[in-house]
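**Q** here's my sequence, what's the structure:
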Amino acid sequence: MIGWRLRLRRPGYALALQGGGVGVFYLTVFAAFRLYHVLPPEAALILLFCIATLSAALAVLQNAQALAALGASGGFLAPILASTGGGSHVMLFSYYAMLNLGILSIAWFKAWRPLNVLGFAFTFGIGTLWGSQYYRPELFSSTEPFLVLFFAMYLAIPILFARRRAPELKSYVDGTLIFGTPLVAFGLQTQLASGMEYGAAWSAVVLSLVYLLLATWLFRRQRDSLRLLVESFLALGVIFATLAIPLALDGRWTSATWALEGAAILWTGVRQDRRVARAFGLFLQVAAGFAFLFALERGHGNVAVFNSFYLGCLFISVAGFFCNWYLERNRSRVHIIELALAKAVFVWGLLWWIAGGVHEIELRVATAQQNHAVLLFAAGSSLLFSILHSRIAWSHARFPALELLPVMLILALVDVGEQTHPLSGLGALAWPAAIAIHLWILRRHDEEENRYVDLLHAGQILLLCALCSWELNWNINQAVEASRVWGLIAWAIVPAAVLALLSLRAERLPWPVRGHVAVYMTAAGAPLAIYLCAWIVVSNAVTTGDASPLPYVPLLNPLDLSQIAAWLCVIAWLRGMKRCDLSDYAAENPLLCYGGLGAVAFIALNGALLRALHHLADVPYTLHSMLSSMLVQAALSIFWSALALCAMVSASRMHVRPLWITGAALMGVVVVKLFLVDLSNIGGVERIVSFIGVGVLMLVIGYLSPVPPRAVEQPQ
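**A** Residues are numbered from 1 along each chain as shown. Modelled structure (predicted):
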């Protein structure tokens, strides 16, 4: 009474007295019931309810939130204080319904958020504790109505709160109740309906309809003042409609709900500039992932794609992507640490995206086709991210969009390990689709001044050459099994054709070469030229050149002609580089270019000679047999002398002193070979022919090719 009388003169002191009085009332009733057993449980509960109601009335009359919170806390704790362990849950929840009705009534007049949150925490917290200990399926009919009632009350309270706060602070909602109520209520509802077929799915559908209808109604009535609340309800409606799909098949509702609710909370936190809400939304992303991992032992479902495992991964990744996109879009409104976390969330979402897709492929696709199915998944994902990058201005989506080529390279290596060919099975669809999508993505990002994009252009043409050569080799080997040389030639046809096309017509080719001539001529042309030189060297070592069913003709057989064509393509590339004003490799690196090309040509010509001796003189095509053959040694001496003659005569006519010195050095090697090898191993006619032939060629060299002067050393 004293506190009530002093409410106008000394309001702070008066509220303290009233709060103390309410506390004494609670303690008195508690002591009379529990300590001294003066009051029966029913009477104690009624008295505690009356005290709570009285304190709420005093709080509203005096605009005192603290007094209301004190009264509400005592009211919610009253059943626990008065409990003997054998009470009825119907009585308990009926009592809580009356208390929440009081809080709802207060919300009509006052925007007291702490009181609303306090009632929410007590109601659902104590309800969850009771359910974990005492709930049984046969209690569904007496428990479900109270859950629906409490959900409806705490759905209405934030609406009243938003209406009261709208004139003071535009676009403000109570995010805790807006998103916490469906999160907790749906979790409890899922447990109550666990024994019902599709219970969780139907619950999600009903919740979706409730939120969508509320959003529509509020939008028509108060679209301006409650716009953020309308958007929140609309988002929740879409979320629960989406959740109904996996829940109808087999449920992993926890992780999916947490991830999507976390994204919604972060969205609200950015809109309201509430850092704690944003942090909690990001935390829920991680919590959702761990909750999903703890449920891995559950079944995956029998329906492809539309099963809880894959859709759970999808929801977690989409929630992470949304958080990243929205934080980046509002980077001026968030802290720099949150921007760093946004990148981590993007990586988190991308990992779940990839893991879900790869796991689904392993589960649904035959083992032999899984690699190509992964390629299709990667290509489709890159296409989607590229579209999102431009459509919604999502900067981070650019990175997975441009990572298709590295994935294609890895999957091509996997195909090599499995000893298959690119267009086998699903590869006939996967590889052309992936290459086409990669070209389309490059076209979309063509205007970006980026070194990485240039490398993608070069890498793409190199990969395409490898795949086409690989497929051509496989098909030729299937058609001509008796000869190894045809399949070997297939590895040079496509690279040589591409290099020749770039060398002769690079400036006139359409996109993608147009606008990237330098990239294709240097970053793609140089590897192709080096590859063709290496192919010439390797092909001379691994095959006899047997082109069955065609007869063997020296220098006019398929292998020799292919080597000549490949060598000429490299020469054409060097000239094309100079013509395009990119680089004159031959002038800048004469020793490397001329020396390398000369060495390759020398190996190719010797290989042609040895293969001719193998086919025409029946000399076995092995290193030991060739070194031991007198005919081979004599032929090599004369052939090397002839090459030296050609080099030295050409050098004299063109005044290229280094070429003349190279020919002279080769001639010196021939002389040393004559005395150290030929004299010891060659007898009879071969030795005579070798010495006479070399001597005659040396005389011709001395007459036709004097040493060029030092003043002129470079080729014209």
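
**Q** now Gly320. Nearest residue, chain neighbours left out?
**A** Of all residues not flanking Gly320 in the chain, Gly349 sits nearest, at 2.7 Å (Cβ to Cβ, 6 or more residues apart in numbering). Bear in mind the C-beta positions are built from the backbone N, C-alpha and C, glycine included.

**Q** domain-wise, how is this protein divided?
**A** Using automatic domain parsing, the domain ranges for the chain come out as 479-628, 632-716.

**Q** give the rounded mean pLDDT of the last one.
**A** Domain 632-716 shows a mean pLDDT of 65.

**Q** next one: stretch 407-417
**A** Here the average pLDDT along stretch 407-417 is 92.

**Q** mind listing what's buried in that stretch?
**A** Going by neighbour count (16 or more other Cβ atoms under 10 Å), the buried part of stretch 407-417 is 407-408, 411-412, 415.

**Q** same list (those residues) but as CSV, adding distance to Leu209.
**A** As requested, the buried residues of stretch 407-417 are exported to CSV (distance: Cβ to Cβ, whole Å):
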residue, distance to Leu209
Val407, 42
Met408, 45
Leu411, 44
Ala412, 49
Asp415, 49
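
**Q** adding secondary structure, write the residues you listed out as a markdown table.
**A** Listed next are the buried residues of stretch 407-417 as a markdown table, based on DSSP: H, G, I helix; E, B strand; the rest coil:
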| residue | secondary structure |
| --- | --- |
| Val407 | helix |
| Met408 | helix |
| Leu411 | helix |
| Ala412 | helix |
| Asp415 | helix |
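
**Q** now for the residues you listed: which two are most distant?
**A** The largest distance within the buried residues of stretch 407-417, taken as Cβ to Cβ, falls between Val407 and Asp415 and amounts to 12.7 Å.

**Q** ok, back up a step: so which strand or helix has the residue nearest to Gly320?
**A** In this assignment (DSSP states H and E), Gly349 forms part of helix 336-364.

**Q** roughly how far apart are Gly416 and Asp454?
**A** Quick fix: residue 416 reads Val, not Gly. When distance is defined by Cβ to Cβ, to the nearest Å, Val416 is 26 Å away from Asp454.

**Q** so which elements touch the helix holding Gly349?
**A** Using 3 or more Cβ pairs under 8 Å, 6 or more residues apart in numbering; DSSP states H and E, the elements in contact with helix 336-364 are helix 275-294, helix 308-329, helix 370-391.

**Q** in stretch 277-294, what counts as buried?
**A** 277-282, 284-289, 291-292.

**Q** between these, which sits nearest Cys465?
**A** Gly289 (41.3 Å).

**Q** grab the nearest non-local neighbour of the closest one.
**A** Ile316 (5.8 Å).

**Q** burial of the one you found, as a residue count?
**A** Ile316: 30 surrounding residues under other Cβ atoms under 10 Å.

**Q** that one: what's it in contact with?
**A** 255-256, 259, 285, 288-289, 292, 349, 352 (Cβ atoms under 8 Å, 6 or more residues apart in numbering).

**Q** how does it look with 6 Å?
**A** By Cβ atoms under 6 Å, 6 or more residues apart in numbering, the contact set of Ile316 is 259, 288-289, 352.

**Q** low-scoring pLDDT stretches of the stretch 251-400 of the chain, where are they?
**A** 251-254, 297-301 (pLDDT under 70).

**Q** the stretch 401-550 of the chain too?
**A** In the stretch 401-550 of the chain (pLDDT under 70), the answer is 449, 481-483.

**Q** helices of that one, start to end?
**A** 404-417, 427-444, 451-479, 485-505, 517-518, 525-542 (DSSP state H, counting those that start in this stretch).

**Q** can you give me the angle the second one makes with helix 370-391?
**A** Pointing back at helix 427-444 there. 20 degrees (axes from the mean of the first three to the mean of the last three Cα atoms, to 10 degrees).

**Q** center of this protein - which residue?
**A** The residue lying closest to the centre of the chain (Cα atoms, centre = their mean) is Leu350, at 4.6 Å.

**Q** ok, Trp535 to Pro527 distance?
**A** Distance from Trp535 to Pro527, by Cβ to Cβ: 12 Å.

**Q** buried ones in stretch 441-449?
**A** Result for stretch 441-449 [16+ other Cβ under 10 Å]: buried residues 441-442, 444-445.

**Q** please tell me how far the closest residue to Val407 other than its chain neighbours sits from Leu129.
**A** The shortest distance from Val407 to any non-neighbouring residue, by Cβ to Cβ, 6+ apart, is to Ala378 (4.5 Å). Ala378 sits 48 Å away from Leu129, going by Cβ to Cβ.

**Q** what about these two, which has more around it?
**A** Neighbours of Ala378 and Leu129, each counted by other Cβ under 10 Å, are more numerous for Ala378; the result is 24 against 11.

**Q** and the gap between the more buried one and Val345?
**A** 21 Å.

**Q** next one: Phe219
**A** 30 Å.

**Q** of the two, which one has the most company?
**A** Using other Cβ under 10 Å, the more surrounded residue of Phe219 and Val345 is Val345, with 27 against 17.

**Q** isn't the more buried one right up against Trp325?
**A** No: using Cβ atoms under 6 Å, Val345 makes no contact with Trp325, being 9.8 Å away.

**Q** secondary structure element for Phe25?
**A** Short version: Phe25 belongs to helix 11-30, going by DSSP H and E.

**Q** next SSE downstream of that helix?
**A** Heading C-terminal from helix 11-30, the first helix or strand you meet, by DSSP H and E, is helix 41-62.

**Q** and the average pLDDT for that following helix is what?
**A** In the prediction, helix 41-62 has an average pLDDT of 73.

**Q** for Leu550, what are its contacts?
**A** Counting by Cβ under 6 Å, 6+ apart, Leu550 has no contacts.

**Q** swap that for Pro406, sorry
**A** With Cβ under 6 Å, 6+ apart, Pro406 has no contacts at all.

**Q** go on, Leu659?
**A** When contacts are counted by Cβ under 6 Å, 6+ apart, Leu659 touches 647, 651.

**Q** now it: phi and psi?
**A** Leu659 has phi and psi values of phi -70, psi -40 when expressed as degrees, to the nearest 10.

**Q** what about it, distance to Met577?
**A** For Leu659 relative to Met577 (Cβ to Cβ), the value is 21 Å.

**Q** okay, angle between the host helix or strand of Gly595 and helix 525-542 too, please.
**A** Under the criterion of DSSP H and E, Gly595 resides in helix 590-617. The directions of helix 590-617 and helix 525-542 differ by 30 degrees, with the same axes, to 10 degrees as the criterion.

**Q** any idea how far helix 590-617 is from the middle of the chain?
**A** Counting by Cα atoms, centre = their mean, to the nearest Å, helix 590-617 is centred 48 Å from the centre of its parent chain.
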